[in-house]
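[1] quick one, what's the 3D model for this:
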Amino acid sequence: MNINIDTKKLQDICETYDISYLGLFGSYAIGQEREDSDVDLLVDFNNTKSLLEKGRVLIELQNLFNREVDLVSRKNIKPSLKPFINNQLITLYGEK
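    Okay, the predicted model is just below:
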């Protein structure tokens, strides 16, 4: 993983938006990112969030990572992709 973030800021975002888990997968997780790669994040919220709230979280995370973020809810993962994602997953906040 070749990504530097402010872990205190990440913790603040997760606490502010009631995120129970945040994990990194995809090109950054396996060290194959390119200049134009986005950051793929798996998220679990403690409570259901509105589209507006999810948008705020997305903006905060894009500002933190300083690039586009693809925010994926664990509840919405296709069953066929779960093993692929779980194999790459790097926990950034919370517990698997």
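
[2] so how far is residue 94 from residue 66?
    22 Å (C-beta to C-beta, to the nearest Å). Heads up, the C-betas are built off the backbone N, CA and C, glycines and all.

[3] who has more neighbours out of these two?
    Set residue 66 next to residue 94 and count neighbours by other C-beta atoms under 10 Å: residue 94 wins out with 14 against 10.

[4] contacts only, for residue 34.
    Shown in contact with residue 34 (C-beta atoms under 8 Å, 6 or more residues apart in numbering): residue 27.

[5] for it, grab phi and psi.
    Main-chain dihedrals, residue 34, degrees, to the nearest 10: phi -120, psi 170.

[6] which residues of this structure fall in helices?
    7-16, 51-65, 82-88 (DSSP state H).

[7] would you format the ones you listed as CSV with mean neighbour count, mean pLDDT and distance to residue 36 included?
    CSV is the format used below for those (neighbours: other C-beta atoms under 10 Å; pLDDT from 0 to 100; distance: least, C-beta to C-beta, whole Å):
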stretch, mean neighbour count, mean pLDDT, distance to residue 36
helix 7-16, 14, 97, 23
helix 51-65, 15, 96, 14
helix 82-88, 13, 94, 19
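
[8] so residue 69 sits against residue 58, correct?
    Yes - using C-beta atoms under 8 Å, residue 69 is in contact with residue 58, at 6.0 Å.

[9] number of nearby residues for residue 39?
    Residue 39: 23 surrounding residues under other C-beta under 10 Å.

[10] wait, residue 71
    Neighbour tally, residue 71, other C-beta under 10 Å: 16.

[11] for the residue nearest the centre of the chain, give me its contacts.
    Centroid-nearest residue in the chain: residue 41, 2.3 Å away (criterion: C-alpha atoms, centre = their mean). By C-beta under 8 Å, 6+ apart, the contact set of residue 41 is 22, 23, 24, 25, 61, 69, 70, 71, 72, 92.

[12] if I look at the closest residue to residue 33 other than its chain neighbours, how far off is residue 38?
    Nearest-residue entry for residue 33: residue 27, 4.3 Å, with adjacent residues in sequence omitted and distances by C-beta to C-beta, 6 or more residues apart in numbering. Plainly put, residue 27 is 8 Å away from residue 38 if you go by C-beta to C-beta.
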